[in-house]
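*Asks:* Build me a model from this:
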Amino acid sequence: MVIGVDIRTFVSPQLTGVGVYLLEILKNLIEIDKKNQYKLFYNSYKKADQDMMDNFSGFPNVELYSFNYPNKILNSCLFFLKQPKLDRWLDGCDVFWFPNFNFWEVSSECKTVITVHDLSFARIPWAYSMKRRLWHKFIQPEVKLNQAVKILAVSQSTKNDLEKIYHLPKDKIEVVYPGVEIKNQSTDNKPIYQHIFLPTRYILFLGTLEPRKNIEGVIKAFEKIADQDINLVIAGGQG
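*Replies:* Model (predicted):
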């Protein structure tokens, strides 16, 4: 099987959740899967980060298709003209996997799979700027979801939202939880918190600092149990 993969999320020099998710899945997938062929689609007017692309070099079943069109022009063509068909840019593929919502069009011969991380743009649109709300409107999430042959949800909560908001059939949605990579894991059998200087009891929030992450809710929940000798650790940044 020939699998196309949209890696445009690597355009950002600082990877956020989706970028890390895609990077780790791809690195492990192409390492263990020697049967299928992978065609990686990248587009940016700026030159691709060579260190990032080196993660996928040297594998006989991986091809990188890198284009240098301005994304605003490409997105406009995809939205208004329904062209180009991205699978044909890759000289054909059986399935095209998109790790998040984006602008895309594929030919009728190509099936699509999409990963959905959350539906906060539909549930709490007030947490987004007008620009981001328009962006989500133009990418037409409902159309993309209905066209996909399979939807990967990163949590049961996201699957429930997909069924409730877009009335999608349950058997079309598969919950696939993200994995966890622990780098430089110690062999001395000490608890992980002793190696990264965390307290013994804590609530950890890790993510970008923005309204849709509901950090205020995390802090309010912590306040209710603060007398139970539990610490709150917030690790985040802008992304």
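
*Asks:* residue ranges for the strands of the protein, please.
*Replies:* 2-6, 37-43, 62-67, 95-98, 111-116, 150-153, 173-175, 202-208, 231-237 (DSSP state E).

*Asks:* and the second one, C-alpha only, in PDB?
*Replies:* Provided in PDB are the C-alpha atoms of strand 37-43 (Å, rounded to 0.1, in the frame of the first residue of the first chain):
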ATOM      1  CA  GLN A  37       5.500   2.700   1.100                       C
ATOM      2  CA  TYR A  38       5.300   6.200   2.600                       C
ATOM      3  CA  LYS A  39       5.200   9.500   0.600                       C
ATOM      4  CA  LEU A  40       5.600  12.600   2.700                       C
ATOM      5  CA  PHE A  41       4.000  15.800   1.500                       C
ATOM      6  CA  TYR A  42       5.600  19.100   2.500                       C
ATOM      7  CA  ASN A  43       5.000  22.600   1.200                       C
END
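
*Asks:* Let me have the strands of the chain in TSV, extended by distance to Asn214 and mean pLDDT.
*Replies:* Placement of C-beta: from N, CA and C, glycine included. Shown next, in TSV, are these (distance: least, Cβ to Cβ, whole Å; pLDDT from 0 to 100):
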stretch	distance to Asn214	mean pLDDT
strand 2-6	28	97
strand 37-43	32	97
strand 62-67	37	95
strand 95-98	26	98
strand 111-116	18	98
strand 150-153	19	98
strand 173-175	21	97
strand 202-208	10	77
strand 231-237	12	64
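
*Asks:* Trp126: which of these is closest?
*Replies:* Taking Cβ to Cβ, strand 202-208 is the member of the strands of the chain nearest to Trp126, at 17.4 Å.

*Asks:* Does Leu23 touch Leu15 like I think?
*Replies:* Yes. The pair Leu23 and Leu15 passes the contact test of Cβ atoms under 8 Å, sitting 6.6 Å apart.

*Asks:* Show me which of those two is the more surrounded one.
*Replies:* Leu23 (18 against 15; other Cβ atoms under 10 Å).

*Asks:* packing partners for the lengthiest helix in the chain?
*Replies:* Identified as the longest helix of the chain according to DSSP state H is helix 17-32. Applying 3 or more Cβ pairs under 8 Å, 6 or more residues apart in numbering; DSSP states H and E, one finds that helix 17-32 makes contact with strand 37-43.

*Asks:* Good, wrapping up.
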